[in-house]
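J.: Sequence first, then the predicted structure, then my questions.
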Amino acid sequence: MMLFEIVGRRKNTKVGSNGNMDWFPKHVWEEYEKGDLAAMTVACKIAEDREKAERMSMVALWCVQDSPDMRPPMSAVVKMLEGGVEVMPPPKPFHYL
């Protein structure tokens, strides 16, 4: 969840003036599903290192899988973040939404 906060430059949950919850990890998944993580980086005002932000977002989606068995170990997370290992497409992490 910390990776989402770093990429989004905000807390993961915001309550709008109308009382609706804006949950950033769900927003990232929706953009990923559409194949448009680049739009998320623009919305977060990330001008530099957009590729790194997209990589961090994909790793974060792996780290928040519902099933703990689906989450990568921290050693794999570090390798993915450093670019030493390709980040495979993550499965849908939020089956309850």
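T.: Arrived safely, thanks for sending.
J.: use CA for all of it now, contacts and neighbours both
T.: Fine.
J.: residues touching the residue most central in space within the chain, list them.
T.: Here the mean C-alpha position of the chain is nearest to the C-alpha of residue 57 (C-alpha atoms, centre = their mean), at a distance of 3.1 Å. If a contact means C-alpha atoms under 8 Å, 6 or more residues apart in numbering, then residue 57 has 3, 4, 7, 28 as its contacts.
J.: mind running it again at 7 Å?
T.: Residue 57 sits next to residue 4 when contact means C-alpha atoms under 7 Å, 6 or more residues apart in numbering.
J.: ok, and for the host helix or strand of it, which residues are buried?
T.: Under the criterion of DSSP states H and E, residue 57 resides in helix 50-63. Using 16 or more other C-alpha atoms under 10 Å as the test for burial, helix 50-63 gives 50, 53, 54, 55, 56, 57, 58, 59, 60, 61, 62, 63.
J.: cool, and stretch 38-51?
T.: For stretch 38-51, by 16+ other C-alpha under 10 Å, it's 38, 40, 41, 50.
J.: Could you measure from the first one over to residue 95?
T.: Note on residue 38: its distance to residue 95, by C-alpha to C-alpha, to the nearest Å, is 24 Å.
J.: Please apply the same query to residue 41.
T.: 24 Å.
J.: do the same with residue 60
T.: Taking C-alpha to C-alpha, one finds residue 60 at 16 Å from residue 95.
J.: Next: residue 72.
T.: Applying C-alpha to C-alpha to residue 72 and residue 95 gives a distance of 18 Å.
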